[in-house]
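> Quick one, structure for this:
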Amino acid sequence: MKAFLFGWNPLKFEWADIDEDIKKLATTGKFEDNWSVISYKTIQPGDRAYIVRVGVEPKGIFASGVIASEPYLAFRNGRHYYRITIALDVLLNPNKESILTLDILKTGNLAAQTWTPQASGISIRPELVDELEGVWIDFLETGGEGF
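Model (predicted):
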């Protein structure tokens, strides 16, 4: 399985409706959002997606999902760029809940990955995908306790 890392910087883009989006995911089991993607030539529907908060503390992974669309061209502020749709399966509010912090992500084998990408939608190293998914599942099952 391929996996990609998407960055969210609250200093550049406010996610004002995050609590409503969390409720929507909890009540309907579905929440989709679109993100810019730098790896548009290799990303495909069905690939795994993780969203990392950058720019302000706490920094780390707070959401995950599955790529739900082919990349498509968008236009904003005078430039073209690619976007994809992510069907989220987990969405946490980093201001109210524990997230999988950079301290954890920068240990062991996972330290080989860049966790604060300059561009959104970078590929996660193939040899780290299974380990990351395991750490993420353990984190979610324990509510961050023991991490």
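
> If you rank every helix and strand of the chain by mean pLDDT, what lands last?
Taking mean pLDDT, DSSP states H and E as the measure, the helix or strand of the chain with the lowest value is strand 72-76, at a mean of 90.

> which helices and strands sit right next to that strand?
When contacts are defined as 3 or more Cβ pairs under 8 Å, 6 or more residues apart in numbering; DSSP states H and E, strand 72-76 packs onto strand 79-91. Bear in mind the C-beta positions are built from the backbone N, C-alpha and C, glycine included.

> Can you give the strand pairings for the strand it packs on, parallel or anti for each?
strand 32-36 (antiparallel), strand 60-67 (antiparallel), strand 72-76 (antiparallel) (DSSP bridges).

> Contacts for the longest one, please.
What that stands for is strand 60-67. Strand 60-67 is touched from outside by 4, 8, 43-53, 84-94, 97, 99-105, 115, 136, with contacts defined as Cβ atoms under 8 Å, 6 or more residues apart in numbering.

> Neighbours of the closest residue to D33 other than its chain neighbours, how many?
Spatial nearest neighbour of D33, chain neighbours left out: I86 (5.9 Å); criterion: Cβ to Cβ, 6 or more residues apart in numbering. For I86, the number of neighbouring residues by other Cβ atoms under 10 Å comes to 26.

> What distance do you get for I86 to E145?
Separation of I86 from E145 (Cβ to Cβ, to the nearest Å) stands at 27 Å.

> and what of T85?
As for T85, its distance to E145 is 33 Å (criterion: Cβ to Cβ).

> Neighbour count for these two, which is higher?
T85 (18 against 8).

> who touches the helix or strand harbouring K24?
Using DSSP states H and E, K24 falls within helix 18-28. Contacting residues not belonging to helix 18-28 are listed as W15, K30, F31, D33, L88, D89, L91, L92, N93 [Cβ under 8 Å, 6+ apart].

> Would you mind listing the residues in contact with the fourth one?
Applying Cβ under 8 Å, 6+ apart to D33 gives the contacts D21, T85, I86, L88.

> which helix is the longest one in this structure?
In the chain, with assignment by DSSP state H, the single longest helix is helix 129-142.
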